[in-house]
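*Asks:* just coords:
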């Protein structure tokens, strides 16, 4: 089949590739419809690896996928040919110790699309376990379906925060992940979100999505704005979604006593935390690794209209123009947020 | 001052009454603006008591109040003359064992407006601790301010449920408390609410407030509808807000395995729970007593527009017509939800 | 193989039975060593069924088992021939929605030993998934290993209670389950346990197991004793382990404001709860269904000596005398707690 | 009255000092009996300050106190002359926003003994709010009573960890705080504790206190030992009690997926956390600031014998020899843990 293959760092080709895709009894075969480009896909393209994960052999990119079921295994229930679906890209061993605790995302044996050496979903079709394939209702498009993956990251972060109704949250970073985190925080019970970035275009986009107050860190002081908006008390929750080490180290400042910090971004460097300052507020810090048990919730929130991801999809390329899509995503304009590739199905 | 006094069961007069209202250093004096009528007010009027709480001497009714600050004690900070405010009607001993744990609503020494023998706020002015008085921002009217009290009940219930983003909730009962609970559940993170009642007019009102699906228990089976909407899994949370013992006993049916039941209503009779059925789903049951630490959150959610209580206020009477207001509230039409008394200030 | 077969109500025979026990690649074969008799086994014997579970065909009894591994499937890691082990008697579908959440005990498709029509473990050998088979260290005997199953019930209840260090707990009922719940509460962080029963011999046994205060409900008032011991505050947690509906309805009395009730016992009748009294204390009620993710913890607590179940095993019969063991267990003396059957291996 | 006064850095005198100690209606006056020396007391002595807290005027040291009630305010209930008591050294404003949430330790207005400019309790008598004074039962000595303060730190840390029964915990650091944390972890539900230090004498002491496994970091690798003891899974909880930045940065290594880190120690420098490594295990990090709502629990655990602090009190000096006590505590032998000052009452 045809696929977008990362041959090696900086070399991307759209070409035929042979992948063994035998359909097991609990699997479905899906014709891909839309695939979003994630920051990690771009990283593999530009750098050839992320930390310990190095691309040593040609690998198909893409893990934010939606498509249409074209074949169904013998034991599959609840899914049929023609169903529009999105797919959870990580497949754990459900008998592992982590999985048994409900933490299947932390199973070390999990395989995840487009994480070397596992092929991703930027190809004509994939075979996937039905248990990790989610039907999209009529009012959720394939483009929205492909947004479930990044939304799941924000939703998992919001779940970990254990939001109480009416909480005030700060989100540091207004890229795709920061923005879906802000949307998830609001949908998850926050009364108000303060979002902070240095790119004004991203702040403008976020500010139009609900009870979200933008703070341009180049012009304003986040902690000061937060304290002013909360009568000197601070935010109940601070989500760090910039992946910037300096920003991550500063999360304690806008926090209220007894508040919660959720580290969503993944800084390359160590983050120098001031433990005494954290302790003085008895901050709780949650970390997140992908997501577990939130895909169905993400689909539900899109279906009921509680979350609208339409404005986040700023750019769409055809599958044929996949290489251009990556070149664009590797050096995007300030107004670009999520770039998707549409298979035209 | 003039006040609405319950002289004894069924005898209500609007008359002068003398109440010692010395202003302490941490108190504010408030000219009352709007007071909502609660089911408990009506109960005291029609029955002369609620369980162990019997009206033995003339008592001023009303505990859902908002007004304007007219005098401020010497040590008060953050509130000034002219501020529009709403008031938390229960005043605990903050040194009690319960208060120290953050459970000040459970302090047995708490005094609460219009709970015998404590006078309520259906009178020209009240003196109240500044610490339990909350400023309303410009975009929240006094009528909305007087809705903070019932909303706090729903919000406290939603907080106790520990909603996870995207949860599906069932609310049994679509009276004022059921409706504010449904709004709180949505604002607090639910993706969808199913509300159940036998009064179609109430269901119609609720259905217009958001992602709320009405179920008329006279025509449909709640458990069946819930199972159908959740692919046979059940609701994550069931809020019982009808106060009906039979309805309360049935809450386990629409619940999912591992779900949560919140008992908001207060049935007169014992509720015959099927413990084996509850255990088979490992249901967690939360009970609530008024609220604690949610008034500021309720004001925040009204301010940011995340909760709209406008349609819940169906009837308004002037203070002069308070007795008529109670007669109306004691036998309301099906289209009536919250009846308020406006002091015309 | 030889097995203890419940032919039908009241008819129990020790005889040969043919059971297909093909060893799968992830299974182990275990020669049974010790099996405890549970109240449910006795119930099936005396009544022929429990609620909806009716014995319609001959069924092997027993689900509290320990033994020695005699054969190991090809993909099994971490277990070898000769290992002494105990086994979790319920086998869930790990791909089910409940299992994926970590709630594998709530999977409706779970099969459980000696729950019709599934054969139990009172037979010479069993084949069991390695994933639900736990190795016993040297200092834990097979008799103790067979106690892991009832202990897991108490430990799961203690886990659900979310004990805070130094909590005071009440346990209602001093049978095997009440006693292991008391031990689990202490091991799980309680500072003191008050245990209540009407059988003085059981109370005497429990009182010798640690910081456990016995209350004979025939002579003393549980709520009064609890209030006296807690300076009028009440117990942080009340575990209901009697299965008696009247006792279950009374659990709110000794509870503190903001306390937790765990319903461990399974009353045959509906339990008439006073919701207003529960709400006045904002009681949280947890229900439990068997256990999940606690077997390894139970083994750990026995290994480290934090829990000692030695005195709970009051009677031991040989496998050959299994029928007598059941007759004894069906009408035990007051001094009897756990009856076990030893295969003499 | 006579008091141990820190005149300025390194200058400590036992002398008369005048302190206004008017007895309020809710206060008690206490003749001091035993006061423990805390690391912070020693710090003020040797360094003249801790971070922003600088000793600018003569200040009485000591905050780990127990004594005997000698006078009682008019509104005090539950305490009488002659009662043996210990005292919570921080006095919050119970009307503050933090206090109302149950987080009174985080109230910025709290006053705390021996934190500049507040005098401590190393003096003949103190006046203290009855609400923060706890009666000791007969079987708890004044010396043990003075241990309640450090024990409260460990117990608060154990409470924040939300231990599940049978958890395995690692404690980094075997000083007084590390040791009381290990005891609290065991009493709070852990099945086993691994404690790590470089001082063998401290490890030997800790190893004699229960199911505690010592690891000498100078000779062994903590992560390796932990993985070996937990079949490669890791510890459920890691308590950092050394206050060493490098040790704090390494807490993720022995942790299990989904585990919890509690930062008890207060490193002087920033701690360079590896967020990616924390995220891969979805670690939850809790920080603690002193304690709240645990004094009564600490007394309960000492009373019921669940925690034994006897071996932790290694050295006792008379009040007259207070200065020598501090000189000793500032340069203690490896076998010394807690140094106390006894008033000989």
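*Replies:* All right, it came through fine. Treat the numbers as computed from the prediction; the structure is a model and nothing was measured.
*Asks:* over to the residue nearest to the spatial centre of chain A. Which of the three states is it?
*Replies:* Closest to where the C-alpha atoms of chain A average out (CA atoms, centre = their mean) is residue A:150, at 2.2 Å. Recorded secondary structure, residue A:150: helix (DSSP: H, G, I helix; E, B strand; the rest coil).
*Asks:* do the same with residue A:43
*Replies:* Quick answer, by three-state DSSP: residue A:43 is helix.
*Asks:* now it. Nearest residue, chain neighbours left out?
*Replies:* residue A:50 (5.2 Å; CB to CB, 6 or more residues apart in numbering or on different chains). In short, each C-beta sits where N, CA and C put it, glycine included.
*Asks:* can you give me the neighbour number for that neighbour?
*Replies:* 17 (other CB atoms under 10 Å in any protein chain shown).
*Asks:* can you pull the phi/psi pair for it?
*Replies:* Backbone geometry at residue A:50, expressed as degrees, to the nearest 10, gives phi -130, psi 110.
*Asks:* so who does it touch?
*Replies:* A:40, A:43, A:44 (CB atoms under 8 Å, 6 or more residues apart in numbering or on different chains).
*Asks:* the first one: neighbour count?
*Replies:* To tie it back to what came earlier, the one meant is residue A:40. So residue A:40, with other CB under 10 Å, has 17 neighbours.
*Asks:* avg pLDDT for the helix or strand encompassing it?
*Replies:* Per DSSP states H and E, residue A:40 falls inside helix A:39-47. Here helix A:39-47 scores 95 as its mean pLDDT.
*Asks:* please apply the same query to stretch A:81-90.
*Replies:* Here the average pLDDT along stretch A:81-90 is 98.
*Asks:* could you say what helices and strands the helix holding residue A:40 packs with?
*Replies:* strand A:49-50, helix A:322-330 (3 or more CB pairs under 8 Å, 6 or more residues apart in numbering or on different chains; DSSP states H and E).
*Asks:* worst mean pLDDT among these?
*Replies:* Minimum mean pLDDT among the helices and strands packed on helix A:39-47: strand A:49-50, a mean of 90.
*Asks:* quick check: neighbours of it in the sheet, parallel or antiparallel?
*Replies:* strand A:53-54 (antiparallel) (DSSP bridges).
*Asks:* ok, and what's touching the partner strand?
*Replies:* By CB under 8 Å, 6+ apart, strand A:53-54 touches A:48, A:115, A:116.
*Asks:* among those, which one sits closest to chain B?
*Replies:* residue A:115 (25.7 Å; CB to the nearest CB).
*Asks:* quick one: that closest one is in a strand?
*Replies:* No - using three-state DSSP, the assignment for residue A:115 is coil, not a strand.
*Asks:* which helices and strands does the one helix or strand residue A:279 maps to pack with?
*Replies:* Using DSSP H and E, residue A:279 maps to helix A:275-280. With contacts taken as 3+ CB pairs under 8 Å, 6+ apart, helix A:275-280 sits against strand D:255-263, strand D:284-287.
*Asks:* in chain A, what residue lies closest to chain C?
*Replies:* residue A:102 (2.4 Å).
*Asks:* so what's that residue scoring on pLDDT?
*Replies:* pLDDT at residue A:102 comes out at 97.
*Asks:* write out the residues of the stretch 101-250 of chain A neighbouring chain B.
*Replies:* A:155, A:158-159, A:162-168, A:184, A:186-189, A:191-192, A:211, A:231 (CB under 8 Å from any CB of the partner chain).
*Asks:* one more time with 7 Å
*Replies:* Residues of the stretch 101-250 of chain A that fall close to chain B, judged by CB under 7 Å from any CB of the partner chain: A:155, A:158-159, A:163-166, A:184, A:187-189, A:191-192, A:211.
*Asks:* ok, for residue A:95, nearest residue in space, not its chain neighbours?
*Replies:* Closest to residue A:95 by CB to CB, 6+ apart is residue C:131, at 5.1 Å.
*Asks:* ditto for residue A:106
*Replies:* Per CB to CB, 6+ apart, closest to residue A:106 is residue D:257, 3.8 Å.
*Asks:* give me every residue that touches the one you found.
*Replies:* The neighbours of residue D:257, taking CB atoms under 7 Å, 6 or more residues apart in numbering or on different chains as the test, are A:98, A:103, A:106, D:281, D:282.
*Asks:* and the first one, which of the three is it?
*Replies:* Looking back up the chat, that one is residue A:98. Secondary structure of residue A:98, per three-state DSSP, is helix.
*Asks:* wait, it touches residue A:90, no?
*Replies:* No - using CB atoms under 7 Å, residue A:98 is not in contact with residue A:90; the gap is 12.0 Å.
*Asks:* quick one: mean pLDDT for stretch A:254-263?
*Replies:* Stretch A:254-263 shows a mean pLDDT of 98 in the predicted model.
*Asks:* for the helix or strand harbouring residue A:206, buried residues please.
*Replies:* Applying DSSP H and E as the criterion places residue A:206 in helix A:200-207. Residues of helix A:200-207 classed as buried by neighbour count (16 or more other CB atoms under 10 Å in any protein chain shown): A:202, A:203, A:205, A:206.
*Asks:* next one: stretch A:39-50
*Replies:* A:40, A:41, A:42, A:44, A:45, A:48, A:50.
*Asks:* in the stretch 101-250 of chain A, which residue sits nearest chain D?
*Replies:* residue A:106 (3.8 Å).
*Asks:* what is the burial count for that residue?
*Replies:* 23.
*Asks:* what does residue A:104 give?
*Replies:* Count around residue A:104 with other CB under 10 Å applied: 26.
*Asks:* give the contact list for it.
*Replies:* For residue A:104, counting by CB under 7 Å, 6+ apart, the contacting residues are A:92, A:94, A:98, A:292, C:100.
*Asks:* my read: residue A:75 touches residue A:25, true?
*Replies:* Yes - counting by CB under 7 Å, residue A:75 does reach residue A:25; the two are 4.3 Å apart.
*Asks:* domain boundaries for chain A, per the record?
*Replies:* A:2-147+A:309-342, A:154-287 (automatic domain parsing).
*Asks:* list the contacts for the residue of the stretch 201-345 of chain A found nearest chain B?
*Replies:* Taking CB to the nearest CB, chain B has its nearest neighbour within the stretch 201-345 of chain A at residue A:297, 2.9 Å off. The contact partners of residue A:297, by CB under 7 Å, 6+ apart, come to A:155, B:165, B:166, B:191.
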